[in-house]
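[1] After the sequence you'll find the predicted model.
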Amino acid sequence: DVLEEKHRAREITYNASLRAIRACASVIRAVHRREFLAARELIAEAAAFLAEADAAIDGHHDVRYGGSLHDAKKEFAEANLTLAFVAGQPIPGAEELRVETPAYLNGMAEAASELRRQVLDCLRRGELDEAENLLAVMDDVYTVLITIDFPEALTGGLRRASDALRGVLERTRGDVTNALVMARMQTAIEGESPTPDR
C-alpha cells in the first residue's frame, strides 16, 4: 500500500512537471516575441501544474527530490526571471515563486543566457542602449552566481550552469562591442564633411 501510494504520487508529479515544463517553454517563446500578457497567462498555468505536483507529493519527500519536479521548478524560475528581465519588472524571489533555492539559482543562470537572443534582436533593430542594458543584467547575474561556492550536491549543478552562462556572456559581450564600434565608426564617417573640389 505504501509503495502504491508513492507510485501514484510519483506519476502525478511526473506528469504535472512535464506539463509545467512545456508551459514554461511557451513562456520563454512568448517573452522573446514580447507577448508579455500571454507569458503571464502561461506562467499562471505552469504555477497550477506545480501546485498539483506539490500537493501530490505531500508527505513523500523521497519522491519530491526525484528529479522531475526540480527540473520543472528550475524551468518555472527561468520563465519568471526571463519575463522580469526583458519586461523590466521587479525580480521575484525563490520564496515568492515557491521554488527551492537550487532550482531558483539554476533558473536564474538559464534566464540570463536567454537574454542573448534579446540582445541580438536589439542589435538588429539598432537599439544599442537596450542591448547594453541587457548585457549588464547578464553580467550582474553571472557576478552573483560565481560567488555561490557550495558543493554541487547542494546547488543542483550550479557551477555547470554558471560556466555555460560565462561562455554565452563573453560571446554576447563581443557582439555588443562590435556593434558599438561599428556604430561609432558610422557616426564618424557621416560626421565628416566632404572636401570641396579645387
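    That came through fine.
[2] When you work out contacts or count neighbours from here on, use the C-alpha atoms and nothing else.
    Noted.
[3] Next one: V176 from D1, what distance?
    59 Å (Cα to Cα, to the nearest Å).
[4] more neighbours, these two?
    V176 (21 against 6; other Cα atoms under 10 Å).
[5] isn't the more buried one right up against E130?
    No. With contact defined as Cα atoms under 8 Å, V176 does not count as touching E130 (10.5 Å).
[6] Overlap of the contact sets of these two?
    Taking Cα atoms under 8 Å, 6 or more residues apart in numbering as the contact criterion, the residues that touch both V176 and E130 are V119.
[7] correct me, but Y142 touches V168?
    No. The pair Y142 and V168 fails to qualify as a contact (Cα under 8 Å) at a distance of 10.4 Å.
[8] So these two - more neighbours on which side?
    Set Y142 next to V168 and count neighbours by other Cα under 10 Å: Y142 wins out with 21 against 18.
[9] Check the protein and tell me which residue is nearest its centre.
    Centroid-nearest residue in the chain, with Cα atoms, centre = their mean: A111, separated by 1.4 Å.
[10] Next, that one: secondary structure please.
    Classification of A111 by DSSP: H, G, I helix; E, B strand; the rest coil places it in helix.
[11] Now for it: which residues touch it?
    For A111, the contact set (Cα under 8 Å, 6+ apart) comprises E78, A79, L81, T82.
[12] Is there a neighbour count for the third one? I'd like the number.
    Okay, so that is L81. Counted with other Cα under 10 Å, residues neighbouring L81 total 26.
[13] can you pull the pLDDT of the nearest residue to it once chain neighbours are set aside?
    Nearest-residue entry for L81: A111, 6.0 Å, with adjacent residues in sequence omitted and distances by Cα to Cα, 6 or more residues apart in numbering. In this prediction, A111 carries a pLDDT score of 96.
[14] And for R184?
    The confidence metric pLDDT takes the value 87 at R184.
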